[in-house]
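Peer 1: structural data only, the sequence is not supplied:
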């Protein structure tokens, strides 16, 4: 069955899809944004003094190699893991290490969830990972040592990396082609809103344990109504589970008040419910793995280009976000601005996606952002306002391109391997994010040198993006055959034989139904 056609009949953006997007996935994204960026406030570096004696208190003093400071006194009106476990001076690097643990968890969680969701189903993976995310985030404020804390942060990163990926793909596969870009923009804006909400809550709650608990408690609500979610129609169709597929379409038609559309699907000649009773179980599923992304030329080209683009976006996005603290001395205002500046970029991207297409929109934003970053190397040091303007332009551009790559990747890859592919792309973005601090440190070698590196990387990604096909209004491909058989000349002889045999088996199954 053509899933896009089926969704058009029962409603491709009706009540059910709006409920899924705005009442569930959007709050989940806001929740995830707060959890990923939680260390910005709970790991804030305080002003401190060293109390050598009752009357000898030295501001910013760390002691010597042989005589360490016996007691630190903190001068800020907030607490953090730094004040809790004295992570200052020679131990200050442990705060950054905690962020690295979180990113490492995301790095591993995304490809695992991608593989599992392609094999076992979107909902079967998303639901337990979301539940475990809530449980471990609730444990975080009750940890009693630094090593307990970073261990929990690693698990949280692993779970969020998985469930955020699957939730995006699940949402995409419930929407018609012309609504996918809008959904991606909504979710990207939700991440930015999460940063602003976190900054606002953090402004009023200065104790890190209380803050962590307060921003986590709303996650309990997700456990109460996730059972209202349905399995992805595209995944069910790709696995030939047509009976379950028809029940999902019926449920959508009931909520969207499009029962006539479902009746039309039920009366079609090749009813998928009938196919399910005849197709042998040995032919129902075909499991795919990471090597399939590189086995065929078309998929190999898509994967290599996508991985580089995602890596660049992750590196530059987090690199520029780290520079947001330089916009002011108030950490809460800086965090709020780093989220606020992203909002306009998403609306601009949403407008351009349906007019210029995915490819041109993505590449244009990357070229613009790369140019803005590269120019900063040549600006005079005394033109701080101009530097801030170019930095914000770069942040807006890379934020927009980061939103667009999700749409493009979801539409480039077939359903049977989409989660696995986007999981690998997400892993590339996390590698870029882990490299961002090292590149940002180049600013100590030469003023704004890091921005030149960010700019060159981004421009390179924008140019490479023109190697990919346009996917605007194109139906989502269900199988690898749909991509590879369109380019038979690029297949090796053995690959041709395998694909032709699979196609013949599918035709035989249809003949059995007729």
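Peer 2: Right, received. Where do you want to start? Not measured: the values here are computed from a predicted model. Residues are numbered from 1 along each chain as shown.

Peer 1: assign the residue of the chain most remote from its centre to helix, strand or coil.
Peer 2: Of all residues in the chain, the one whose C-alpha sits farthest from the chain's mean C-alpha position, using Cα atoms, centre = their mean, is residue 55 at 51.8 Å. The three-state label given to residue 55 by DSSP: H, G, I helix; E, B strand; the rest coil is coil.

Peer 1: relative to residue 73, how far out is it?
Peer 2: Residue 55 sits at a distance of 13 Å from residue 73 (criterion: Cβ to Cβ, to the nearest Å). Yep, even glycine has a C-beta here, placed from its N, CA and C like the rest.

Peer 1: ok, back up a step: how about the contacts made by the residue farthest from the centre of the chain?
Peer 2: Residue 55 sits next to no residue when contact means Cβ atoms under 8 Å, 6 or more residues apart in numbering.

Peer 1: retrieve the pLDDT associated with it.
Peer 2: The score at residue 55 is 79. That number is its pLDDT.

Peer 1: and stretch 36-51, what's buried?
Peer 2: For stretch 36-51, the neighbour count (16 or more other Cβ atoms under 10 Å) marks 36-44, 46, 48-51 as buried.

Peer 1: helices of the stretch 151-300 of the chain, start to end?
Peer 2: Using DSSP state H, counting those that start in this stretch, the helices of the stretch 151-300 of the chain run over residues 177-204, 208-214, 220-225, 233-238, 242-256, 259-266, 272-278, 292-295, 297-322.

Peer 1: which other helices and strands contact the one helix or strand residue 387 maps to?
Peer 2: Applying DSSP states H and E as the criterion places residue 387 in helix 384-412. In terms of contact count using 3 or more Cβ pairs under 8 Å, 6 or more residues apart in numbering; DSSP states H and E, helix 384-412 is assigned the packing partners helix 146-172, helix 177-204, helix 297-322, helix 342-356, helix 358-375, helix 418-440, helix 449-464.

Peer 1: could you rerun that using 10 Å?
Peer 2: helix 146-172, helix 177-204, helix 297-322, helix 331-340, helix 342-356, helix 358-375, helix 418-440, helix 449-464 (3 or more Cβ pairs under 10 Å, 6 or more residues apart in numbering; DSSP states H and E).

Peer 1: where does pLDDT dip in the stretch 201-350 of the chain?
Peer 2: Residues of the stretch 201-350 of the chain that meet the criterion pLDDT under 70 lie in 268-287, 289, 322-329.

Peer 1: right, and residue 413 touches residue 306 too?
Peer 2: Yes: under the criterion of Cβ atoms under 10 Å, residue 413 lies in contact with residue 306, with a separation of 8.6 Å.

Peer 1: could you say which of the helices of the stretch 151-300 of the chain is packed most deeply?
Peer 2: When neighbours are counted by mean count of other Cβ atoms under 10 Å, the highest per-stretch mean among the helices of the stretch 151-300 of the chain falls to helix 233-238, a mean of 25.

Peer 1: looking at the helices of the stretch 151-300 of the chain, which is nearest to residue 385?
Peer 2: Using Cβ to Cβ as the criterion, the shortest distance between residue 385 and the helices of the stretch 151-300 of the chain is 17.1 Å, found for helix 297-322.

Peer 1: enumerate every residue touching the closest residue to residue 395 other than its chain neighbours.
Peer 2: Setting aside the residues directly before and after it, residue 395 is nearest to residue 320 in space (Cβ to Cβ, 6 or more residues apart in numbering), at 4.6 Å. Neighbour list for residue 320: 338, 341, 369, 373, 391-392, 394-399, 436, 440, 450-451, 454 [criterion: Cβ atoms under 10 Å, 6 or more residues apart in numbering].

Peer 1: what comes up buried for the helix holding residue 387?
Peer 2: 387, 390-412.

Peer 1: quick check: end-to-end length of stretch 198-210?
Peer 2: 13 Å (Cα to Cα, to the nearest Å).

Peer 1: I misspoke; the intended subject was stretch 82-97.
Peer 2: Stretch 82-97 stretches 12 Å from its first residue to its last (Cα to Cα).

Peer 1: for stretch 42-57, same thing?
Peer 2: Distances were taken as Cα to Cα; on that basis the terminal residues of stretch 42-57 are 26 Å apart.

Peer 1: what do you get for stretch 312-332?
Peer 2: Stretch 312-332 has its terminal residues 27 Å apart, counting by Cα to Cα.

Peer 1: intersection of neighbour lists for residue 413 and residue 306?
Peer 2: Going by Cβ under 10 Å, 6+ apart, residues that sit against residue 413 and also against residue 306 are 293, 421-422, 424-425.
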